[in-house]
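In: Build me a model:
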Amino acid sequence: TTTIQRATYVPDLRERVLQDAGSFIHAVEEGVVSEDAIHAELGEVVAGEAPGRETEAEITVFDSGGTGIETVAAAHLLYETAREKGLGTPIEFSPASQALTGE
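Out: This next block holds a predicted model:
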């Protein structure tokens, strides 16, 4: 609760926060912060529509509920890192259309 109160709170999706972001919900229920304490969504910060961390002393809490784009980005990062280090086993992928139709 104290961390949420002191932090710049950045979730992946604003709509998700009051449904399943436990630490934020708890802070709101205790009256430590209001729903307006959400600084911006991650996409807004990345796009430059909202500022990110502005000082070294600032605490930023990123609350990820796991959107599809986050999963794809994480998978891509892991894949590229494994390739660069020569790790893993290469596998063949069929184009989606071929995999679905068998043609």
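
In: Can you check the pLDDT for Glu103?
Out: Looking at Glu103, its pLDDT is 65.

In: which non-adjacent residue is nearest Gly88?
Out: Ala82 (4.4 Å; CB to CB, 6 or more residues apart in numbering). For every residue, glycine as well, the C-beta is placed using N, CA and C.

In: Glu54 and Ser64, how far apart?
Out: According to CB to CB, to the nearest Å, Glu54 stands 21 Å off from Ser64.

In: Same question for Leu42.
Out: 8 Å.

In: same check, this time on Gly48
Out: From Gly48 to Ser64 the distance is 20 Å (CB to CB).

In: So for these two, which sits in the more crowded spot?
Out: Neighbour tally, Gly48 and Ser64, criterion other CB atoms under 10 Å: the higher count belongs to Ser64, 14 against 8.

In: Cross-check the contact I'm expecting between the more buried one and Arg16.
Out: No - contact criterion CB atoms under 8 Å: Ser64 and Arg16 do not qualify, at 9.6 Å.

In: all helices for this protein, in order.
Out: Ranges of helices within the chain are 2-6, 14-20, 22-29, 42-46, 68-84, 96-101, based on DSSP state H.

In: Which strands and helices lie in contact with the third one?
Out: With contacts defined as 3 or more CB pairs under 8 Å, 6 or more residues apart in numbering; DSSP states H and E, the packing partners of helix 22-29 are helix 2-6, helix 14-20, strand 60-63.

In: swap the cut-off to 7 Å and go again
Out: Applying 3 or more CB pairs under 7 Å, 6 or more residues apart in numbering; DSSP states H and E, one finds that helix 22-29 contacts helix 2-6.

In: For the helix it packs on, list every residue counted as buried.
Out: Neighbour counts over helix 2-6 (16 or more other CB atoms under 10 Å) mark Ile4 as buried.

In: Now do it: everything it contacts.
Out: Contact partners of helix 2-6, identified using CB atoms under 7 Å, 6 or more residues apart in numbering, comprise Ser23, Phe24, Ala27, Val32, Val33, Ile59, Val61.
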